[in-house]
Every structure is written in C-alpha cells, then in structure tokens.
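With the input below, show me the fold.
(one chain, ligands or ions: 1)
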Amino acid sequence: MTTDTQPAPLRVLVFGAALRAGSVNARLASLVARLFAESGADVDHARMRDFPMPMYDGDVEDAEGPPRGALALRDRLEWCDAFAISSPEYNASVPGVLKNAIDWVSRIQPQPFKTKYALLVSASPSMVGGNRGLWALRVPLEHLGTRVYPDMFSLASAYDQFAEDGRLANPGLQERLAETVSAFVHLVEADVRYVCLQRRWYEFLGDRTEAPVTQRAEG
Ligand SMILES: Cc1cc2nc3c(=O)[nH]c(=O)nc-3n(C[C@H](O)[C@H](O)[C@H](O)COP(=O)(O)O)c2cc1C
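Below you'll find the model as predicted:
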C-alpha cells in the first residue's frame, strides 16, 4: 500500500553563541540556518541575546528558579528535533556565556538536551577556526545525552571568508559545509522517523528507556 503523506519537516534550532553584534559566528549561524532551510527543515534562528541570564548561582536558583533566558532556551530546545551551535573558541575552550547557558538549562526538568541531536560549527580569525572549542563543547552536551554529530565544521581566517550574499567565498568550503549540514539532516531524519534506529548512536549509562541498558564497552 502506498501513501502520499509527507513526513513532517525536521525542526532545527540554530544559534550563534557570541553576544556581540558583529559576531562572525552569528554570520556562520545565519548561513547554517539557510542551509538547513534549503534541506527542507523548519528553522528557528535564534541569537544568544535572546537568552539573557546571570551567572549560575545555586542560591538564586533556590530562591527564584531558573531565569527567564534559561526558560526561553529550554522552550526553544523543546520545540526542535535538533540544534546547531556556531560557537567562538575562547582560550581553546567553550565561551563562558554558552557554558553558563548550558549549566542553567541542565537544571530544568525534564532536561531538554537529552533527547536532541546537535551539529557543532565554529568560526575564528585563527588558522584552526575554533575547532578546539568545539571538542570542549562536546563534553557537556554528550554528558547531558545529546547525540552530537561526529563531523564538525570550523571556519579558519573567518573574517575574510564570507561573500556579500552571506555564503562562503571559497566554493570548496561552501560545498563542504553544505554537505555536512545535509548529511546531518539525513541522519537525524532517519533517527527521528524510524525510532528503532535511535539506539544506534549510543546508549549511555543511566539512560532509563524501556530497552535494557548495555555497557558502552560491549559494543
Ligand atoms: C577571551 C577571548 C579568548 C579568545 N581565545 C581564542 C582562542 O583560543 N582561539 C581562537 O581562535 N580565537 C580566540 N579568540 C578570538 C576569537 O576567535 C575572535 O574574537 C572571534 O571573532 C570571536 O567570535 P565572534 O566574532 O563570533 O564574536 C578569543 C577572543 C576572546 C575575547
């Protein structure tokens, strides 16, 4: 039997992790958002400024609960199937503003990162493009249960890489980024639509789903 019902488009939240208006990561996030839309996804394009929050403080949390910015990020994460972050690298690691946002949101139950997929990209004026920061960013996200896509994209010498139309001036780099986004979309679509595949990514200890938990080393 055939059916002409189309599956719902993938829902993707995209944001750059820097606050400043001229952020090169905001530009890369805009390009990534455009590529997701061209792949057929529904895109929610956010800015880090949409999620203002103080530094995490357990006393503030006890007295007032999570700040509005953390609740806003939680809401937008809940809406999506997958998210993409374009993050600067600060001192070879994750910018404090992004780590702080992850910390606040991780305190909200149900913890929203656990059921999501993530694509990580970075832009930096340096020759390594902020790639070390993405390796550091994987740690809290994977700890929280996010399926972080193995492939990452880091744009080196980023201040000089954008064409006027917002795409990358170097056709090879533009193609590599487009292919990375498209491959991520296809893999997440498969996992979201065919639930039996989900456990292929990994099972992490403490995951309380109906299937029995196995040790990672058993794989
Ligand atoms: C506190 C701080 C630390 C930085 N550390 C690094 C670094 O380790 N590696 C790097 O490539 N760039 C580093 N930079 C430079 C940033 O890559 C550059 O400022 C970049 O433009 C920031 O991203 P944005 O344009 O999206 O704001 C650092 C910048 C700041 C402010």
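
Give me the mean pLDDT for stretch 94-112.
The pLDDT scores in stretch 94-112 average 97.

Distance across that stretch, terminal residue to terminal residue?
20 Å (C-alpha to C-alpha, to the nearest Å).

try stretch 153-164
End-to-end distance for stretch 153-164, by C-alpha to C-alpha: 21 Å.

Sketch out the low-pLDDT regions of the chain for me.
For the chain, residues meeting the criterion pLDDT under 70 lie at 1-4, 196-219.

For the most centrally placed residue in it, pull up the helix or strand it's in.
In the chain, the C-alpha nearest the mean C-alpha coordinate belongs to residue 84, at 3.0 Å (C-alpha atoms, centre = their mean). Using DSSP states H and E, residue 84 maps to strand 82-86.

Mind checking what helix or strand follows that strand in sequence?
Next element after strand 82-86 (DSSP H and E): helix 96-106.

The helix or strand following that following helix pairs with which strands?
Downstream of helix 96-106, the first helix or strand assigned by DSSP H and E is strand 117-123. Strand 117-123 has the following sheet partners, assigned by DSSP bridges: strand 82-86 (parallel), strand 147-148 (parallel), strand 153-155 (parallel).

Point out the most buried one among these.
Mean neighbour count (mean count of other C-beta atoms under 10 Å) peaks for strand 82-86 among the strands paired with strand 117-123, with a mean of 26. For the C-beta atoms, the positions are set from N, CA and C on the backbone; glycine is no exception.

Perfect, I'm done here.
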